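S.K.: test case, fold it:
(chains A and B)
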Amino acid sequence: MAITLNVNGARREAAHGERNLLSFLRFDLGLTGTKYGCGEGLCGACTVLVDGQALRSCMTTVGAVAGGEVTTIEGLSPGTSVEDLHPVQRAFVEEQAMQCGYCIPGFIMGAVGLLNRRPDASAGEIREALAEHMCRCGTYQRIAAAVERAASGGGAS
Amino acid sequence: MTTSEHALASPSTAPLRIVGDVTVGFPASRTGYGQATYGNTQPQTERATWIAVWADGGVTAYAGKVEYGQNIRTGLAIEVADELRVGLDDVEVVLGDTDRVPWDMGTFGSQSTARVGWQLRKAAATAREAIMALASDRLDLPVSDLEASAGEVRPKADPSRGISYADLLAGQSIEREIAERPTVFGPSEFTLMGRAQRQRVDALDRVTGRAVYSQDVLPQGVLYASILRPPAYGARPTRIDLSAAERMPGVVRVVDEGDLIAVLGESDEAAALGARAAVIDWQLREGQPSRFDMPALLVASGVDGYAVQEAGDLDEGFRAASSVIESTYYIPYIAPAPMEPRAAVAVWEGDRLTVWAGTQRPFGIRQELAAAFGIEESRVRVIAPEIGGGFGAKSPYGLAIEAARLAKVAGQSVRVAFTRVEETMWSNFRPAAIVRIKSGFDAQGRITAWQSDAYHSGERVMIGRRGADTPYDVPHVRSLVYRSDSPLPSGSYRSLGAAVNHFAREAHMDEIAEAAGLDPVELRLRNLSHPRFRRVLETAASDFGWSGSRLGEGRGAGIALGIDVGSYVATAVELSVTGRDVRVHRVQASLDCGLVVNPEGALNQMEGSIVMGLGGTLFEASDFEDGRLLNAGFARYRVPRIVDTPRIDVRFVGDDTDPSTGAGEPGLVPLSAAVTGAVWGATGVRHRELPVTRHL
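M.R.: Below is the predicted model of the structure:
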């Protein structure tokens, strides 16, 4: 049965409620900024926000989030220039916290979810919150610095 | 035109084009490395356009390398912009598209800055010289009276009379060969090279999700393939029944070509459900070695012992020694596990084939596709979009051929994508290896004899040879490298062979230090005359505040040095061991990679390679039994996380007058021995087998 849900502020329709949220976002809506990394909820590459909270889209169905507001990396900011980025995105640019970049949208969404909850998160809280995100390029030191920068600079929105 | 419009235009329409030889990307097409390793990768054309300067003064640089995290798009743009004296924003770098860039053997061995960067610098300098010549005519002044900056040529005596490159190039059509010795700028004249950049040129795409990876290529009407792969290495199907799969909703067709069994669906979900409905009985290959058989198998099956280093007379060297020690080091297979599992999309238009594939070898894959379908290479285009990590794993890319075969059968474009488990299982692993070292040294800790025998798993002729020579001043030395049977597919990995050989050698140096009663730094310096090695070691030790291995209270420090891809490196580590928990507190490295073009980029690579090295040293090992991979998924394969990451500091100590060498791999080579040295300092136990946490 078709089901509607809110994605990045727009009403979108899915063929059925059991549709995997990550597949729906990537293949049905073409929002490919949310990445497939493991399909088991272990790497964080597929992280999106549902009502402002970070969630692994690969482990979620469309039906489970139909009542909520889904935000993907594409919906976080207009992203036309560094100036109009979300503070967390901007901090990642400023710290050059990226290598291949594949994990970065997931990290950013995870960090935004944390800062929505804990705008002044400590360095330790940031590391704990991002411990279930993987970056195989090993950019962690910069990612931590970026999120700390966003936290102290008012990263929540 | 915007820079991205330039990037799509044919360079032949540009008023100034710089052309040159394509074989600079890697020297080995001449030495046979490509042939020996991949059985192909010879260029079809010898010359290509490296730089186009457009009518509006914009610049496009073309390179056959791919971007998989090294940030070469920024680094190469810096080199071109600086030599051409234009803004960084005026340069676009086009990579990895076989229809548009110079042939290249592949992106490995940290050659992008070292070779292609230098080629592009020479091309940009050639372009600048051509533009200066035009200005000289126009202004009626000798070139020596002119200077170029910010896209203009100005008389030195009267900078207000500047003429823009766009003006100078209006109506021109100039093609220049890359000059043999163009006037490149020296370090004192650099305006961009060696200086911190505010951001990567591709930063915005990476933080907004706009960067397109092979997993993200989804042309209209593409069919999704689920390929039914064997559950174990060497398994063969004995019964295949796809009738139920074919009836599943959304399944467009099923394919059984013997070696390629697939379900094609109109969605990923339909293909996956169809594949689940397929019935296949597999016959497993019996009697395959397991992980526990590896140490013995490596030694027993070693062939082609190759002397990487040989000097003096070992017997004489051991006679001159007051002490002799012998140790064996073992390193299991580990998985590259890039964050992006491989994907490929194939589109046929008549007999013309386009494949998007996140491969490190777009030209090699083009050649393989052409051979597979019996068509000319000119009919095949391989596009490597952004690549979500590779570390050597994405040099082979069988998915490209699978996607093209399925697209041909279906008469429609087809996407093949690995799951995480497939990515791990059908990848190549870092070879397992065993290294035996016997050394002799005198009472002062001076090494008189060094005998090393290394066995690395894998078919490749040169597997395991990298970094198997010792940089220490040893008069009597023999280092042999054998290749051994490999139950798992083994192949490229970041700092292939070198990280493993360095672990054994540097760990052994620590054992000599202990036996000789010397500090590990002192022992190394007593045996090391090469000034570049001494400098990295002394810098790392001093920056770290080296005070010996044993720090007390469960803490230890370790230090090691090495060389890889032409770069000298030393790393010191401080950690503590509590039970089976190893906590690395800080890592201090020094790197001499000659001229550092993009310091932030090189730093990022060093930080990343150190984190990656911690994984293989502390946690990672690929387990297998009866042809089955036991830890293919992330639930069982432990990679470093943000909470495992120590503070990492890196100092670049090279001379900017030395040519750039690689920065992407050297960080790995001293790390394992620095860690095991620190674990010894903390616990008093020598770890000669990795990963450490399995043996605590």
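S.K.: give me the element the nearest residue to B:Ala516 once chain neighbours are set aside is part of.
M.R.: Using C-beta to C-beta, 6 or more residues apart in numbering or on different chains and skipping residues adjacent in sequence, the residue nearest B:Ala516 is B:Gly445, 3.8 Å away. Heads up, the C-betas are built off the backbone N, CA and C, glycines and all. Taking DSSP states H and E as the definition, one finds B:Gly445 inside no helix or strand.
S.K.: what's the neighbour count on B:Gly445?
M.R.: Other residues lying near B:Gly445 total 22 when counted by other C-beta atoms under 10 Å in any protein chain shown.
S.K.: so it makes contact with B:Leu525?
M.R.: No: the criterion here is C-beta atoms under 8 Å, and B:Gly445 misses it with B:Leu525 at 9.9 Å.
S.K.: how far does stretch A:79-99 sit from the chain's center?
M.R.: 14 Å (C-alpha atoms, centre = their mean, to the nearest Å).
S.K.: that one: which residues count as buried?
M.R.: Within stretch A:79-99, the residues that qualify as buried are A:79, A:85-99, counting by 16 or more other C-beta atoms under 10 Å in any protein chain shown.
S.K.: how long is it end to end?
M.R.: The first residue of stretch A:79-99 is 19 Å away from its last residue (C-alpha to C-alpha, to the nearest Å).
S.K.: for it, what is the average pLDDT?
M.R.: Mean per-residue pLDDT for stretch A:79-99: 97.
S.K.: can that stretch be found next to chain B?
M.R.: Yes: with C-beta under 8 Å from any C-beta of the partner chain as the threshold, stretch A:79-99 lies in contact with chain B, specifically through A:Gly79, A:Ser81, A:Val82, A:Leu85, A:Gln89, A:Arg90, A:Phe92, A:Val93, A:Glu94, A:Gln96, A:Met98, A:Gln99.
S.K.: for the closest residue to B:Asp469 other than its chain neighbours, give me the pLDDT.
M.R.: Computed as C-beta to C-beta, 6+ apart, the closest residue to B:Asp469 that is not its neighbour in sequence is B:Gln309, at 3.9 Å. Confidence per residue is given as pLDDT, and for B:Gln309 that number is 97.
S.K.: show me what from the stretch 251-400 of chain B comes close to chain A.
M.R.: Counting by C-beta under 8 Å from any C-beta, the residues of the stretch 251-400 of chain B close to chain A are B:267-269, B:337-341, B:386-391.
S.K.: just among these, which is most surrounded?
M.R.: Neighbour tally across those (other C-beta under 10 Å): the maximum, 32 neighbours, falls on B:Gly388.
S.K.: wait, doesn't it sit right on B:Gly358?
M.R.: Yes: the pair B:Gly388 and B:Gly358 qualifies as a contact (C-beta under 8 Å) at a distance of 6.9 Å.
S.K.: find residues that contact each of those two.
M.R.: B:Tyr68, B:Tyr213, B:Gln215, B:Glu340 (C-beta atoms under 8 Å, 6 or more residues apart in numbering or on different chains).
S.K.: which segments of chain A make up each domain?
M.R.: Following automatic domain parsing, one finds the domains of chain A at A:3-73, A:82-152.
S.K.: deepest of those, which one?
M.R.: domain A:82-152 (a mean of 23; mean count of other C-beta atoms under 10 Å in any protein chain shown).
S.K.: how far does that domain sit from its chain's centre?
M.R.: Distance of domain A:82-152 from the chain centroid (C-alpha atoms, centre = their mean) equals 10 Å.
S.K.: before we move on, what about stretch B:401-419?
M.R.: 27 Å.
S.K.: can you get me the start-to-end distance on that stretch?
M.R.: End-to-end distance for stretch B:401-419: 17 Å, by C-alpha to C-alpha.
S.K.: now swap in stretch A:61-69 and tell me
M.R.: End-to-end distance (C-alpha to C-alpha), stretch A:61-69: 14 Å.
S.K.: and if you look at stretch B:609-629?
M.R.: 25 Å.
S.K.: now stretch B:383-398
M.R.: 15 Å.
S.K.: what ranges do the strands span in chain A?
M.R.: Along chain A, the stretches classed as strands by DSSP state E are A:3-7, A:10-14, A:47-50, A:53-56, A:69-71.
S.K.: got CSV for the shared contacts of B:Gly388 and B:Gly358, with secondary structure and pLDDT too?
M.R.: Converted to CSV, those look like this (DSSP: H, G, I helix; E, B strand; the rest coil; pLDDT from 0 to 100):
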residue, secondary structure, pLDDT
B:Tyr68, coil, 95
B:Tyr213, strand, 98
B:Gln215, helix, 98
B:Glu340, coil, 98
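S.K.: make a ChimeraX selection of the buried ones in those.
M.R.: The buried subset of those, as determined by 16+ other C-beta under 10 Å, is captured in ChimeraX by this line:
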select /B:68,213,215,340
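S.K.: among the shared contacts of B:Gly388 and B:Gly358, which pair sits farthest apart?
M.R.: By the measure C-beta to C-beta, B:Tyr68 and B:Gln215 form the most distant pair in those, at 13.2 Å.
S.K.: what touches both of the two?
M.R.: Common neighbours of B:Tyr68 and B:Gln215 are listed as B:Gly358, B:Gly388 (criterion: C-beta under 8 Å, 6+ apart).
S.K.: so where is the stretch 151-300 of chain B shaky, pLDDT-wise?
M.R.: Residues of the stretch 151-300 of chain B meeting the criterion pLDDT under 70: none.
S.K.: in it, which residue sits nearest chain A?
M.R.: Nearest to chain A in the stretch 151-300 of chain B, going by C-beta to the nearest C-beta, is B:Gly209, at a distance of 1.8 Å.
S.K.: count the residues that sit near that residue.
M.R.: As a burial measure, the neighbour count of B:Gly209 was computed by other C-beta under 10 Å and equals 26.
S.K.: ok so, going back, before we move on, what SS does the residue nearest to B:Asp469 have?
M.R.: Taking DSSP: H, G, I helix; E, B strand; the rest coil as the rule, one finds B:Gln309 in the strand state.
S.K.: list the residues that contact it.
M.R.: B:Ala468, B:Asp469, B:Thr470, B:Val477, B:Arg478, B:Ser479.
S.K.: could I get the residues you listed as TSV with distance to B:Ala678?
M.R.: Below are these laid out as TSV (distance: C-beta to C-beta, whole Å):
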residue	distance to B:Ala678
B:Ala468	24
B:Asp469	25
B:Thr470	22
B:Val477	27
B:Arg478	30
B:Ser479	26
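S.K.: among the residues you listed, name the ones in strands.
M.R.: Per DSSP E, strands hold the following members of the contacts of B:Gln309: B:Val477, B:Arg478, B:Ser479.
S.K.: between the residues you listed, which is closest to chain A?
M.R.: Nearest member of the ones in strands among the contacts of B:Gln309 to chain A, counting by C-beta to the nearest C-beta, is B:Ser479, at 30.0 Å.
S.K.: ok, the closest residue to B:Arg198 other than its chain neighbours - contacts?
M.R.: Counting by C-beta to C-beta, 6+ apart, the nearest residue to B:Arg198 once its immediate chain neighbours are dropped is A:Glu94, at 8.0 Å. Residues touching A:Glu94, when contacts are defined by C-beta under 8 Å, 6+ apart, comprise A:Ala146, A:Arg149, B:Arg198, B:Gln199.
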